[in-house]
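Participant: Just a sequence and a predicted model for now, questions to come.
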Amino acid sequence: MAILEVDGFRKEYDGFVAVEGNSFTIERGEVFGVVGPNGAGKTTTLKMLAGLIEPSAGTAVVAGHTPGEPAMQRRLGFLPEESPLYEEMTAVDYLEFFADLYDVPGDVARERIHDLLDRLDLEHRDRQIGNMSKGMQRKVAIARALVNDPDVLIFDEPASGLDPLTTNYIIEFTRELSDEGKTIVFSAHNLFHVESICDRIVIMNDGRIVARGTLEAIRDAHGGTEYHVSATVDGSDGLEATARLIDVTRENGRVRHVVGDITAVDQIREAVEEAGGRVTDIQTKTPSLEEIFLEVAREPDTEAEA
Ligand SMILES: Nc1ncnc2c1ncn2[C@@H]1O[C@H](COP(=O)(O)OP(=O)(O)OP(=O)(O)O)[C@@H](O)[C@H]1O
């Protein structure tokens, strides 16, 4: 069941179109990735979902409410790309302050905050936020997004600019939140992280969605898996015979062929054997999200519906 529905989102800033007519739905419990190059319109989309900016056109329903409604705010946790924190407060005071804004009862808030900070492994929680490291500050911001125990989380670049250890911690924590049933909208430039935790993604470019679906479906729509088959055949007669049967590349007595599905591999094997040769190697090559991303970012106007 869809917990989040977006229909025709558009955002214009003084005549500049930052987001153009995008629609998508997110199922309850999904981790949904929003990726794209700088300026693609990701943050603008996430802010419209969180009710922080008004779309110029289009609508969204988040957990049954319009973004910005107080009832929706209670069910949503938003982690902005850059989160200003109250530097002179301690993490605990700061989080209690926000829990209070969400009307979380004091004893529930205290337990939840300490539990969150334990899980995030935040040390020195009585230190003023301004004196904390960047990684510690990001953990406080994440805890803030969770202080109202929301169903839907919007994470904009949760781990950018952090060391690998803290980054891993945050990605693992995000995965745990998903395992607990939270729906997560996740934007990141690190496509390895996106690939490792997202169920489905949209790729944006110049304000538009240019590809969408599961990673597998996006891969299939953009070339999919390739099989690189190498074979040897005896002498030029064998090569000629193989070449007559299939369109192959010949290199020093070897035959190489690239095909897109496993049944074609069998056809090559049969052709090579008929010509008196044998298949010596089959390698599979799957494009990474990074390769697909670079391909679709070059073709901004074509959306591959996967
Ligand atoms: N308040 C604003 N006024 C004018 N233009 C804006 C405003 N906010 C964003 N933009 C422009 O809208 C476009 C999309 O910006 P947005 O921040 O949504 O992109 P993004 O995909 O999140 O980029 P990044 O990966 O760099 O964070 C950019 O060209 C940006 O300059």
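Facilitator: Everything's here; your move. Note that the coordinates shown come from a computational prediction; the quantities given were computed from them, not determined experimentally. Numbering: from 1, shown residues only.

Participant: List the contacts of Q73.
Facilitator: Under the criterion of C-beta atoms under 8 Å, 6 or more residues apart in numbering, the contact list for Q73 reads G51, Y102, N148. Bear in mind the C-beta positions are built from the backbone N, C-alpha and C, glycine included.

Participant: Looking at those residues, spot the one nearest I201.
Facilitator: The closest of the contacts of Q73 to I201 turns out to be G51 (C-beta to C-beta; 22.8 Å).

Participant: is the residue nearest in space to the middle of the chain in a bridge, and if so with what?
Facilitator: Note on the chain: the residue nearest the mean C-alpha position is G33, at 2.9 Å, using C-alpha atoms, centre = their mean. Taking DSSP bridges, one obtains F186, I201 as the residues bridged to G33.

Participant: looking at it, it is touching V202, isn't it?
Facilitator: Yes. In this structure, G33 is within contact of V202 by C-beta atoms under 8 Å, at 7.3 Å.

Participant: on that earlier part again, now the contacts of Q73: which count as buried?
Facilitator: Burial of the contacts of Q73 was assessed by neighbour count (16 or more other C-beta atoms under 10 Å); the buried members are G51, N148.

Participant: Between the contacts of Q73, which sits nearest the ligand?
Facilitator: Distances from the ligand to those, taken as C-beta to the nearest ligand atom, are shortest for G51 (15.6 Å).

Participant: Tell me the spacing between the closest one and L76.
Facilitator: Distance from G51 to L76, counting by C-beta to C-beta, to the nearest Å: 8 Å.

Participant: can you map out the helices along this protein?
Facilitator: Taking DSSP state H to define them, one finds helices in the chain at 42-50, 70-73, 91-101, 106-119, 134-146, 164-179, 191-197, 215-221, 235-245, 262-274, 289-298.

Participant: how about those helices, which one is nearest the ligand?
Facilitator: If we rank the helices of the chain by C-beta to the nearest ligand atom, the stretch that ends up nearest is helix 42-50, at 3.2 Å.

Participant: so how far is that closest one from its chain's centroid?
Facilitator: Here the centre of mass of C-alpha atoms in helix 42-50, compared against the chain's by C-alpha atoms, centre = their mean, to the nearest Å, lies 15 Å away.

Participant: ok so, going back, for my notes, please list the helices of the chain in a markdown table and give mean pLDDT for each entry.
Facilitator: Conversion of the helices of the chain to a markdown table gives the following (pLDDT from 0 to 100):
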| stretch | mean pLDDT |
| --- | --- |
| helix 42-50 | 96 |
| helix 70-73 | 88 |
| helix 91-101 | 95 |
| helix 106-119 | 95 |
| helix 134-146 | 94 |
| helix 164-179 | 92 |
| helix 191-197 | 91 |
| helix 215-221 | 86 |
| helix 235-245 | 63 |
| helix 262-274 | 83 |
| helix 289-298 | 83 |
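
Participant: deepest of the ones you listed, which one?
Facilitator: Mean neighbour counts were taken over those using mean count of other C-beta atoms under 10 Å, and the top value, a mean of 24, falls to helix 42-50.

Participant: one step back: out of the contacts of Q73, which one has the weakest pLDDT?
Facilitator: Within the contacts of Q73, pLDDT reaches its minimum at Y102, with 92.

Participant: which bits of this structure sit near the ligand?
Facilitator: Where the chain comes near the ligand, counting by C-beta under 6 Å from any ligand atom, the residues are Y13, F16, A18, G36, N38, G39, A40, G41, K42, T43, T44.

Participant: D151 versus the residue lying closest to G29 once chain neighbours are set aside, what's the distance?
Facilitator: Counting by C-beta to C-beta, 6 or more residues apart in numbering, G181 is the residue found nearest to G29 once chain neighbours are left out, at 5.4 Å. With distances taken as C-beta to C-beta, G181 is found 8 Å from D151.

Participant: avg pLDDT for stretch 275-282?
Facilitator: For stretch 275-282, the per-residue pLDDT values average out at 84.

Participant: Just the buried residues of it, please?
Facilitator: Residues of stretch 275-282 classed as buried: A275, G277, V279 (neighbour count, 16+ other C-beta under 10 Å).

Participant: Repeat that for stretch 7-26.
Facilitator: Buried residues in stretch 7-26, counting neighbours by 16+ other C-beta under 10 Å, are found at F9, R10, K11, A18, V19, E20, N22, F24, I26.

Participant: Tell me the confidence at the last one?
Facilitator: The predicted local distance difference test score for I26 is 97.

Participant: what do you get for the first one?
Facilitator: The predicted structure scores F9 at 96 on the pLDDT scale.

Participant: Tell me what it is bridged to.
Facilitator: F9 forms beta bridges with N22, as assigned by DSSP bridges.

Participant: quick one: it and the ligand, what's the gap?
Facilitator: From F9 across to the ligand, the span is 11 Å (C-beta to the nearest ligand atom, to the nearest Å).

Participant: who's in contact with the nearest residue to R125 once chain neighbours are set aside?
Facilitator: Spatial nearest neighbour of R125, chain neighbours left out: A91 (4.6 Å); criterion: C-beta to C-beta, 6+ apart. Shown here is A91, whose contacts under the criterion C-beta under 8 Å, 6+ apart are L117, L122, R125, D126, R127, I129, M132, M136, V140, A143.
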